[in-house]
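Visitor: I'd like to go over a predicted model; first the sequence, then the structure.
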Amino acid sequence: MSVNNDSTVLAAYFDFIVGAAIFDLNGLPKEYFTTGDNDNLSWVQTIFQALGLRSLLMSSLQLEGFHYAMVHGGGYSAIVVKQPSRYFALLVRKTESGAVNNSFLQWLQELEPSTLRANARFQVA
């Protein structure tokens, strides 16, 4: 399956992202991005804890394969995927979490932090 590179679809993906965080493969947070829609970073702690739980469950239960996790909160949902050299987490409006489909997840699998740094909507926190 190829990633949908339709500029309208990509713009829509960026429009409903209100925050992002990069974690190393040990689950430690490395970089944060905020938007004018939400500058609160408290959700990053939840993802940090979820990654720790994932690690514990995978080693204790000898589970294999982690594709993505979604954590629902008040008005937002956080989605985290494992990339080859990091975990990438996005915060999206809960009303938009229904847009999280296979195409979106594949796009997120390939998303580079430099893409967010180059987008004026995102500020490094």
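Guide: Structure's in. What do you need?
Visitor: Which pLDDT does the model give the most centrally placed residue in the chain?
Guide: Centroid-nearest residue in the chain: A89, 2.1 Å away (criterion: CA atoms, centre = their mean). At A89, the model reports a pLDDT of 92.
Visitor: Can you list the helices and strands that the lowest-mean-pLDDT helix or strand in the chain packs against?
Guide: Every helix and strand in the chain was compared by mean pLDDT, DSSP states H and E; the lowest is helix 7-16, with a mean of 77. Counting contacts by 3 or more CB pairs under 8 Å, 6 or more residues apart in numbering; DSSP states H and E, helix 7-16 packs against helix 102-110. For every residue, glycine as well, the C-beta is placed using N, CA and C.
Visitor: 7 Å instead?
Guide: Contact partners of helix 7-16 among helices and strands, from 3 or more CB pairs under 7 Å, 6 or more residues apart in numbering; DSSP states H and E: none.
Visitor: when you compare where that helix runs with where helix 102-110 runs, what's the angle?
Guide: 70 degrees (axes from the mean of the first three to the mean of the last three CA atoms, to 10 degrees).
Visitor: so what strands line up beside the following helix or strand past helix 7-16?
Guide: Going down the chain from helix 7-16, the next helix or strand is strand 17-23, by DSSP states H and E. Sheet neighbours of strand 17-23, with direction, are listed as strand 29-34 (antiparallel), strand 86-93 (antiparallel) (DSSP bridges).
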